[in-house]
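A.B. asks: could you work out the structure for the sequence below:
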Amino acid sequence: MALNLIPAYFILIIVLLLSFGIQVYCARRVKNGEDYALAGRGLGLLPTFGILASAGAFGGMTLGSAELAYTVGISAGWYACTAGIVLVIQAQFLAIRFRKASEEYEAWTMPELFEKWFGTGLREVYAWIYIPVTIVFLGGAVAGSSAPIISLLTGLSVTTSKLLAILIFASLIFAGGYLGAAWQAFFILFFVYIGAMVAAFIAIFLAGGWGNLSKALPSFPYFSLAGMGGMRLTALVLATGSGLLYDQFFWQMAAAANSDKTAKRGITLGGLIFAPIGFICAIIGLAVAGYKPGLKDPINYIPEAMVAASALGGGLFIAGVLFSNICCGTVQFITAATIVMRNICCRLVKRSLGQTEEVWVLRGIVALFALLCILFNLFVPGTIIGYFLLMLTFGSSLIWPVLFGLFRDKFLWITGDGCCWVSILGFATAFIWSIVLQNPFDLDPIFPTLAVSLISNIIISLMTQNTRKEMEKGPGQFKTWKKNNIERR
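C.D. replies: Purely as a prediction, here's the structure:
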C-alpha cells in the first residue's frame, strides 16, 4: 500500500529550515571556543530545559522503548522514566556544584576538573574513555533509531540511512555550536512530545482498543511494571544513574547556564518533562505486539505502521523522533568535541589555542567523530537500547571520582592515582564482561563494573593511609592550582 508521506515531508522541511536558520543566526555570536562549546555561559531557562527534554527524548528513548516493550511490555517505560528521575535528583544536589566548580576553575569539561581534584592521570583516562563511549552512543543508538525513519522517507537502505543521519547531525552543529543546538531543541520540543502521544493513540486504535489488547496479550509481562524482571530493572537503574552522573552531557548543560538558579530549574523542568516519554512510547510497542506479533525487527515496522494509519499523526511521530535525534546527536557531537579539544588536542600541541583556532579545531573534531561513527555503523551490529546501556556501563566507574571531587570535603582520603586506576579497572571490567565474555551467567555488566570499582576504592584507600593526614589539611591541589593561576594572571 502506498503511504501518504506528504504531511511528514512538509513538517520535516519546515523544521529543518528553522534549524538551519537558528544555526546560521547563532553562528554570528560565536567568537571563540567558549561561545561555541558553552554558549558563552549565557544559556537561559528555556533553551536549558529544552535541550534536556528534546535531546533526552532521542529515538533510543522513544523508538527504543517501543522496541523493548514489544517483548517485555509496559515496563520498558522505566528506561526513560528512570533517566528523568535521576536528572531531577541530580539537579537538586549537583547542578549548582557543577556550575560553581566550572566557573571557579575555568573548566569547560569534567576531565579538567579531575586534574584540579586528583592530578593529570584521571584527566587523560576520562578523555580517552569518552571517545569510544561517544562513538557507541552516536553511531549505534542515535543513528540506529534515525535509520528506519530516513529509510521510510527516502527509500534508502537502513545502513545508508544511518550514515546519512550521522552527516545530518554533524552539519547541523557545525556553525552555531551549543547555543544553536539549545534553541533548536527548544523549538523542536512540541513535535517530539505531541508526535509520541499521537502515535500511542494510533497504536491502540490499530490494536482494536485497550480492551482487545488486554485479551490478546498475557498480563505478565506485558501489563506489569516489573515485566522486564527485577535484575534487569535494577541494572537499568544503576546504568542510567551512574551514566548520567559522569556524562559530559549533564555537566556541560549546567556549565553553560547563565546562573545557578537557571541550571537547577532548567534541568529539573527538563527531567520532569522527559520522564513520561518512555511509558508513552512503551504503549506503542505494547499495542504493536498485540496486533502484529512475531516481528523480527519491530523498530523498522512501527514508523511505517503509524504513517499508514494516519498520515498527519504518523508524520508528526516520525518527525518528532527524527528531530529529537537531531537534538541529541548535535549536542553529543559538541560535548565530545569539547572534551577532545580541551583535554587531548591542547595537550598534544603543548600550547594554548587562539580564539579562532579553538572554533575551527572543534569543528574539525566534529567532522572526525562523524567519520568514526560511520565506520562503527558499518562493522558493529546491535540493538538501540543495547548500544545505549553499553555506553553508560563503559564509563560507570567514573562516578566515584565525580562524587569524590564534588564532595571533596568528605572524601579526601582517595589519591589521584587511586581514582585513575579505579576508572581503568572499571572500564576494563565492562569491556571484558560485555564484549569478550558476552555477559556470562546472563548478568548485566553494570554489576561487576560497579563492584570492581567500589572494591578498588576501598583497597586503594587502605593502601594510602599515610597520605590521609596531609590531605586532611585541605585540598592542596586546589590551593596550589589556584595560587599558580592567580600568579599567571
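
A.B. asks: show me the helices in the stretch 351-489 of the chain, by range?
C.D. replies: Along the stretch 351-489 of the chain, counting by DSSP state H, counting those that start in this stretch, helices occupy 355-379, 384-394, 399-406, 416-431, 446-463, 468-472, 476-488.

A.B. asks: return the distance of the longest one from the chain's centre.
C.D. replies: What that stands for is helix 355-379. Remark: helix 355-379 is offset 17 Å from the chain centroid, using C-alpha atoms, centre = their mean, to the nearest Å.

A.B. asks: which of the helices of the stretch 351-489 of the chain has the lowest average pLDDT?
C.D. replies: Ranked by mean pLDDT, the helices of the stretch 351-489 of the chain bottom out at helix 476-488, with a mean of 42.

A.B. asks: flag every buried residue along stretch 114-123.
C.D. replies: 114-118, 121-123 (16 or more other C-beta atoms under 10 Å). Where C-beta positions appear, they are placed from N, C-alpha and C, glycine not excepted.

A.B. asks: and those residues, which two are the farthest apart?
C.D. replies: Lys116 and Gly121 (12.9 Å; C-beta to C-beta).

A.B. asks: so where's this structure uncertain?
C.D. replies: In the predicted model, the chain carries pLDDT under 70 at residues 1-2, 173, 350-351, 380-392, 408-418, 461, 464-489.

A.B. asks: domain ranges for it?
C.D. replies: 6-394, 398-489 (automatic domain parsing).

A.B. asks: winner for burial among these?
C.D. replies: domain 6-394 (a mean of 22; mean count of other C-beta atoms under 10 Å).

A.B. asks: compute the first-to-last residue distance for it.
C.D. replies: End-to-end distance of domain 6-394: 42 Å, with C-alpha to C-alpha, to the nearest Å as the criterion.

A.B. asks: and it, how far out from the chain middle?
C.D. replies: Distance, centroid of domain 6-394 to centroid of chain: 5 Å (C-alpha atoms, centre = their mean).

A.B. asks: ok, Tyr105 touching Phe114?
C.D. replies: No - between Tyr105 and Phe114 there is no contact under C-beta atoms under 8 Å: 10.8 Å.

A.B. asks: name the nearest residue to Val15, sequence neighbours excluded.
C.D. replies: Nearest in space to Val15, with sequence neighbours left out and distances taken as C-beta to C-beta, 6 or more residues apart in numbering, is Phe323 at 5.9 Å.

A.B. asks: ok but that neighbour is inside a helix, no?
C.D. replies: Yes - residue state for Phe323 (DSSP: H, G, I helix; E, B strand; the rest coil) corresponds to a helix.

A.B. asks: contact partners for it?
C.D. replies: Neighbouring residues of Phe323 by C-beta atoms under 8 Å, 6 or more residues apart in numbering: 15, 54, 188, 191-192.

A.B. asks: out of the residues you listed, which sit inside strands?
C.D. replies: Taking DSSP state E, every one of the contacts of Phe323 sits outside strands.

A.B. asks: what about the buried residues of stretch 114-123, which are in helices?
C.D. replies: Mapping the buried residues of stretch 114-123 onto helices (DSSP state H) picks out 114-118, 121-123.

A.B. asks: output the residues you listed as TSV; include the columns distance to Ile460.
C.D. replies: As requested, those are exported to TSV (distance: C-beta to C-beta, whole Å):
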residue	distance to Ile460
Phe114	16
Glu115	19
Lys116	20
Trp117	15
Phe118	12
Gly121	13
Leu122	13
Arg123	18
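
A.B. asks: and of these, the nearest to Met253?
C.D. replies: The closest of these, once distances to Met253 are taken by C-beta to C-beta, is Phe114, at 18.4 Å.

A.B. asks: ok, the closest residue to the closest one other than its chain neighbours to Ala305 distance?
C.D. replies: Nearest non-adjacent residue to Phe114, counting by C-beta to C-beta, 6+ apart: Leu122, 4.3 Å away. Between Leu122 and Ala305 the distance is 48 Å, computed by C-beta to C-beta, to the nearest Å.

A.B. asks: now do the phi/psi pair for Leu225.
C.D. replies: phi -70, psi -10 (degrees, to the nearest 10).

A.B. asks: ok, it - contacts?
C.D. replies: Shown in contact with Leu225 (C-beta under 8 Å, 6+ apart): 74-75, 78.

A.B. asks: need the residues you listed in a markdown table (columns: distance to Ala370).
C.D. replies: Listed next are the contacts of Leu225 as a markdown table, based on distance: C-beta to C-beta, whole Å:
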| residue | distance to Ala370 |
| --- | --- |
| Ile74 | 36 |
| Ser75 | 35 |
| Trp78 | 32 |
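
A.B. asks: narrow those residues to those in helices?
C.D. replies: Trp78.

A.B. asks: out of the contacts of Leu225, which one sits closest to Ala311?
C.D. replies: Of the contacts of Leu225, the one sitting nearest to Ala311 (C-beta to C-beta) turns out to be Ile74, at 27.6 Å.

A.B. asks: wouldn't the closest one be in contact with Ile283 here?
C.D. replies: Yes - using C-beta under 8 Å, Ile74 makes contact with Ile283 at a distance of 7.1 Å.

A.B. asks: can you show me the strands along this protein?
C.D. replies: Taking DSSP E as the criterion, the chain carries no strands.
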